[in-house]
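Chemist: fold the following.
(chains A, B and C, ligands or ions: 2)
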Amino acid sequence: MYAFELHHAKSVADASAALSRTGGKALAGGQSLVAAMKLRLAQPGHLVDLSGIPELKGIRREGDHLVIGAMTRHADVVSSEAVKGAIPALAALAEGIGDRQVRNMGTIGGSIANNDPAADWPAAVLGLGATVVTSKRKIAADEFFKGMFETALAEGEIITAVSFPVPKKAAYAKFPNPASRFALVGVFVAQTGAGTRVAVTGAASSVFRSKAHEDALAKDWSAAAAKAVRTPDANLNSDLHGTAAYRAHLVSVMASRAVGATH
Amino acid sequence: MAVTLSLSVNGKPVHATVDPRTLLVELLRNHLGLTGTHVGCDTAQCGACTVLVDDRAVKACNVLAAQMEGAKVVTIEGIAAADGTLHPMQAAFKECHGLQCGFCTTGMVMSAIDLVNRHPKASEAKIREELEGNLCRCTGYHNIVKAVQHGAAAMGK
Amino acid sequence: MGANEEGVIGKAVRRKEDARFLTGTGQYTDDVNQPNQTQAFFLRSPHAHAKIRGIDTAKAKASPGVVAVYTGADLEGVNGLPCGWLIHSTDGTPMKEPPHPVLAKGKVRYVGDHVALVIAETLAQAKDAAELIEVDYEVLPSVVNPIDALKPGAPQIHDEAPGNKCYTWALGDKAAVDAAFSKAAHVTRLDLVNNRLIPNAIEPRAAVASYSRADDAYTLYTTSQNPHVERLLMTAFVLGLPEHKVRVIAPDVGGGFGSKIYLYAEETAMVWAAKRVNRPIKWACERSESFLSDAHGRDHVTRAELALDKDGKFLALRVHTVAAMGAYLSTFASCIPTILYATLLAGQYTTPAIYAEVTAAFTNTAPVDAYRGAGRPEATYVVERIVHQAAAETGIAQDELRRRNFIRTFPYQTPVALLYDTGGYDACLDEANRMADVKGFAARKAESAKHGKLRGLGYASYIEACGLAPSNIAGALGARAGLFEAGEVRVHPTGSVTVFTGSHSHGQGHETTFAQVVAGRLGIPVENVDVVHGDTGRVVFGMGTYGSRSLAVGGTAIVKAVDKVIDKGKKIAAHLLEAAETDIEFRDGKFTVAGTDRSKAFGEVALAAYVPHNYPLDRLEPGLNETAFYDPTNFTFPAGTHVCEVEIDPDTGVVKVVQFCACDDFGNIINPMIVEGQVHGGVAQGLGQAMLENCVYDPKSGQLLTGTYMDYAMPRADDLPSFKVGTKVTPCTHNPLGAKGCGEAGAIGAPAAFMNAVMDALAAVGVKHFDMPATPHRVWAAIQSAKHA
Ligand code: FES
Ligand code: FES
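Modeler: Ligands and ions are numbered 1, 2, ... in the order given. Predicted coordinates:
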């Protein structure tokens, strides 16, 4: 690890100021960031620790939305009665992230800000059409994820919460990479007030919506309909763990399993 | 610039001044001499370094010591009774031969305690899933799973 | 056998070593710290193959905290790392042994090759300094696949090995095999790749080297399976140091599986440097470095052909294998795909004619050496996959075809050099069938089909040659060392015992098993026996632990030493009881005058040995401390049958192991709990190879693509089922314990049993063969290509 300076932020304003001033990086749970720094793959000169900011924590129901504070740990989503009551698919998704130790430290905000192409949370955020609330503004999911490890966040901008509209139905099905256990393909399906949405993670350079699946499922919400869709493999990843053709095939299989798991 | 922090480790207060890049596992092993917490990888996947932070299993290799301000940290050295009586989970690993070389074991036991605290009645399948964050190359997990079941029963008493 | 021996031997005694491991008080090498210690970091080659035009270390040397920086040029007078086994090619020429420099000289030959050693006050400073070393590389084309390496025009890795060939070696009667094939009713052919593996003991390698000017002596703590061999090779062959001035300690070691047998560059360079910097040096390998630099395993490409008569009797087996050696010859590399492989190709069968030809190739990869099973899993994979294939082709049931060919009379001389002393193959197969409820398989398969799943059943009836090794046979086959073992039994005046063994425990539980052996024989409680291993300063000598040899060879050396203790005890008892030595019997921990009730307990004799007040000193020396060396007269031959049942989801290609049964014959068993644990671990490693693990280098750049756990899939708890294990016993005929060894069996049987089950399941959709590992993607792809075929 390269040397850096650490700042403990006491408030969102404090954190934003520190980030803008230093050009550093926000430290949430650190489950991706610390790992990258250890391998000298990331070398921020300054880290701003968000763990001491009380307003970033907590889960609450606000009308027809479920709002999860950015520093909420995955493990807390798993066990939250509010989540299980409103959007059980999120609790199930959170239970499949990393391993128990990672879920005990890692946060939803950190995961979304990092936007790892194989992470689970982006699929839920995009699949439900959630709103990412930041220190500056509200960003619609469709505008938030910009590409591999890229988001709409500006310098010094911090995610404070994610607001999920409560859907009629939703589920997430993940096919794990046998080595890393990240999503080789993960598909989030939802029937929301704004229509049918299907988001896919792991398969491409960033999370994306599968229009073909959305159209098919809007007509016929069934596992068979999801499975019958042929996903084009042109822009999908191909690597040691699976060709683009395999990933394309898995998108439909996982979509159908997700649909089969909704209730 | 060094950072100072206060936390509790195995019930004792610790005040330390460290380089910010010090990992929790380095604080434990190098500064406090608690070498029971092991390092088996550099990508936070093997779980050999698992300790309890505020009663939750955490990979000590993947958090900065500086993130531990005010935390209650418990390591493998801190779970047996003062008279040396093993924690029920330690005893279960011995009884069920849930360890061979012992290198993964300390992290495995800490992870198992957290597992049972969260899922006191876990099925074999659930135990296997919940051990995803701990690699063992020696035992094939067979006896580890048995030990966790045994330990869960003993901890429930 | 005395009553106590019956009471201790064969019992699941809980392990003595667990107390420290479970409380975090074990002492692994990385737990060792010395006053005034420095930290080492190795700068490694980023290229698979490159000329080093120059190295500039000036900036690194001036970097804060740096104590020293060394490169290959500094290691004046230091020899290369040796290979312990000389193989001769079919034309009689010795294998090509290019130099294996401790730090690269002139060229690097794999990604991870050692370029420089940086020693600094802290690890961060050493790493910072390493980044300042300027190496002027001229990148050369590289080759990572052994078949490609042997092709004309392939990049030439060593000048000393034209065409990258290390040797072409053969075993068996080629003419007899050819003749048998010409009259065969059926011939089965199979091309197989035995995938390259990275051992991944959970404790990474580590070392702490120090030097004392006061007595001109070195101490090395290191993660070794055989500290004495490490010392011998390092002092006598590489550094030219007097052996008695170097103490090598392998304290608690967190698994080895072969990867910690070898003499590596790191600790060798550190011992050399310790004197120069005159301070202790510590190095702890990071996992990413382990992936690059630990010796890998397997990496064979094989064509196999089996000739059968019309009744399914095997007539002949022909095997051509190309084996990768990696960039340099590691300590035992050359004997793995030859002596430990081709000699096992008879398996459990009466195949009368066998011919094997093995070509070893250098590649631009990490060296390849023994990994759990070492050669024997590769042999079993060839034999058991082709037997499965032959069964499928001839329509003979899998178990029936095996039965028709089992060896049933012993001793049995195979056509590939080994003499099996004993075995009982039908018993293991029958028991495995029973454990696996093979009768109920058809119903289970039908049930799976209802849910759209494919179910399959696979067998592996394996054999291994263990108990390495009879030195005369090994020597005749090219071993440059003897392979005996040493044991010392030191009886203390109060009758408690310390046992010193040259074999090493890194998970196997020697401290318990060996204590059981000694306690049983001496009639004393297990708690009164402690076992010391892993320290050249305390143990007289030893060849270490590998090849499932610890109990059969190491244990036997201890038994011999115990018997010497008993003999001496009889002399002392005869003196104390004023009887003739020949009248003294030793039973149940007591020396008794035959036919009387006059006796002395073991403890009394021990005390008398050290308090020799009225000894006949001309005939009897004080003390009770005996050492023995044991060189086995033959290998041991553990064998068994493993049955694996899988269920495949054709939609995703996911293979689930729904059941794994192993019935093994390890000869006599001292501690069944420990033996079962060894089988569990071995099976998990075997299934890991077959389902998940695969070391992949990029064919163009030679970069390691599976260099972390993100890409190298290790078996986790939820990848595996609980296992059913059973045993049958035919005692080994040539060691007093009747033990054969159990450490590798699981890793030997499991890959073939698993892949056979996969092929059995996929036969329904037209898939005949694909190579390990059967990852979801490969299974799915195999189904797709069968569909389109
Ligand atoms: S050391 Fe491997 S997870 Fe921490
Ligand atoms: S006991 Fe050796 S790694 Fe688990």
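
Chemist: leaving out chain neighbours, which residue sits closest to residue A:158?
Modeler: Spatial nearest neighbour of residue A:158, chain neighbours left out: residue A:135 (4.5 Å); criterion: Cβ to Cβ, 6 or more residues apart in numbering or on different chains. (C-beta placed from N, C-alpha, C; glycine too.)

Chemist: wait, the one you found touches residue A:14, no?
Modeler: No: look at residue A:135 against residue A:14 with Cβ atoms under 8 Å: they stay out of range, at 10.5 Å.

Chemist: and the residue of chain B nearest chain A?
Modeler: residue B:133 (2.8 Å; Cβ to the nearest Cβ).

Chemist: now the stretch 301-450 of chain C
Modeler: Counting by Cβ to the nearest Cβ, the stretch 301-450 of chain C gets nearest chain A through residue C:365, at 16.1 Å.

Chemist: for residue B:50, see how far away whatever residue of the stretch 51-200 of chain A ends up closest to ligand 1 is.
Modeler: In the stretch 51-200 of chain A, the residue that lies nearest ligand 1 is residue A:101 (7.6 Å; Cβ to the nearest ligand atom). The gap separating residue A:101 from residue B:50 is 6 Å, by Cβ to Cβ, to the nearest Å.

Chemist: quick one: common contacting residues for those two?
Modeler: Counting by Cβ atoms under 8 Å, 6 or more residues apart in numbering or on different chains, the shared contacts of residue A:101 and residue B:50 are B:57, B:58, B:59, B:111, B:133.

Chemist: rewinding a little: contacting residues for the residue of the stretch 301-450 of chain C closest to chain A?
Modeler: For residue C:365, the contacting residues are C:48, C:110, C:144, C:196, C:296, C:299, C:324, C:326, C:327, C:697, C:702, C:704, by Cβ under 8 Å, 6+ apart.

Chemist: and the residues you listed, which are buried?
Modeler: The neighbour-count test (16 or more other Cβ atoms under 10 Å in any protein chain shown) marks C:48, C:110, C:144, C:196, C:296, C:299, C:324, C:326, C:327, C:697, C:702, C:704 as buried among those.

Chemist: what is the helix or strand hosting residue A:170 packed up against?
Modeler: Per DSSP states H and E, residue A:170 falls inside strand A:169-176. Where contact means 3 or more Cβ pairs under 8 Å, 6 or more residues apart in numbering or on different chains; DSSP states H and E, strand A:169-176 is packed against helix A:88-95, helix A:121-128, strand A:183-192, helix A:244-261.

Chemist: between the ones you listed, which one is nearest to residue B:8?
Modeler: Closest to residue B:8 of those, according to Cβ to Cβ: helix A:88-95, at 28.6 Å.

Chemist: report the buried residues of the closest one.
Modeler: Residues A:89, A:90, A:91, A:92, A:93, A:94, A:95 are the ones in helix A:88-95 that count as buried (16+ other Cβ under 10 Å).

Chemist: stretch C:45-64 too?
Modeler: C:45, C:46, C:47, C:48, C:49, C:50, C:52, C:55, C:57, C:60, C:63.

Chemist: then stretch C:591-607?
Modeler: Buried, per 16+ other Cβ under 10 Å, within stretch C:591-607: C:591, C:592, C:593, C:599, C:600, C:601, C:602, C:603, C:604, C:605, C:606, C:607.

Chemist: out of those residues, which sit inside strands?
Modeler: Among the buried residues of stretch C:591-607, the members falling in strands (DSSP state E) are C:591, C:592, C:593, C:599, C:600, C:601.

Chemist: next, the contact list for the fifth one, please.
Modeler: Neighbour list for residue C:600: C:573, C:576, C:577, C:590, C:591, C:608 [criterion: Cβ under 8 Å, 6+ apart].

Chemist: pull the most distant pair out of those residues.
Modeler: C:590 and C:608 (13.9 Å).

Chemist: neighbour count winner among these two?
Modeler: Set side by side, residue C:590 and residue C:608 show more neighbours around residue C:608, with 22 against 17, by other Cβ atoms under 10 Å in any protein chain shown.

Chemist: doesn't residue C:571 make contact with the more buried one?
Modeler: No: judged on Cβ under 8 Å, residue C:608 makes no contact with residue C:571 at a distance of 10.6 Å.

Chemist: spell out which residues of chain C are next to chain A.
Modeler: C:124, C:127, C:288, C:651-653, C:692, C:696, C:705-706, C:709-714, C:775-777, C:780-781 (Cβ under 8 Å from any Cβ of the partner chain).

Chemist: those also near ligand 1: which ones?
Modeler: When contact is defined as Cβ under 6 Å from any ligand atom, the residues of chain C next to chain A do not meet ligand 1 at all.

Chemist: quick one: the strands in the chain?
Modeler: In the absence of a named chain, chain A is used. A:5-8, A:25-27, A:46-49, A:59-62, A:65-69, A:131-134, A:138-140, A:145-147, A:150-151, A:159-165, A:169-176, A:183-192, A:195-201, A:208-209.

Chemist: I was thinking of chain B, sorry if that wasn't clear
Modeler: So, for chain B - with DSSP E - the strands run B:3-9, B:12-18, B:50-53, B:56-59, B:72-74.

Chemist: any idea how far the second one is from the chain center?
Modeler: The chain centroid and the centroid of strand B:12-18 are separated by 20 Å under Cα atoms, centre = their mean, to the nearest Å.

Chemist: okay, now the unreliable bits of chain C?
Modeler: Scanning chain C for pLDDT under 70 picks out the ranges C:1-6.

Chemist: can you give me the domain assignment for it?
Modeler: Listed by automatic domain parsing, the domain ranges of chain C are C:3-10+C:484-630, C:32-140+C:202-255+C:260-293, C:300-469+C:634-787.

Chemist: ok, now chain B?
Modeler: Split by automatic domain parsing, chain B gives B:3-78, B:88-154.

Chemist: mind putting these into CSV with mean pLDDT?
Modeler: Below are those laid out as CSV (pLDDT from 0 to 100):
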stretch, mean pLDDT
domain B:3-78, 97
domain B:88-154, 97
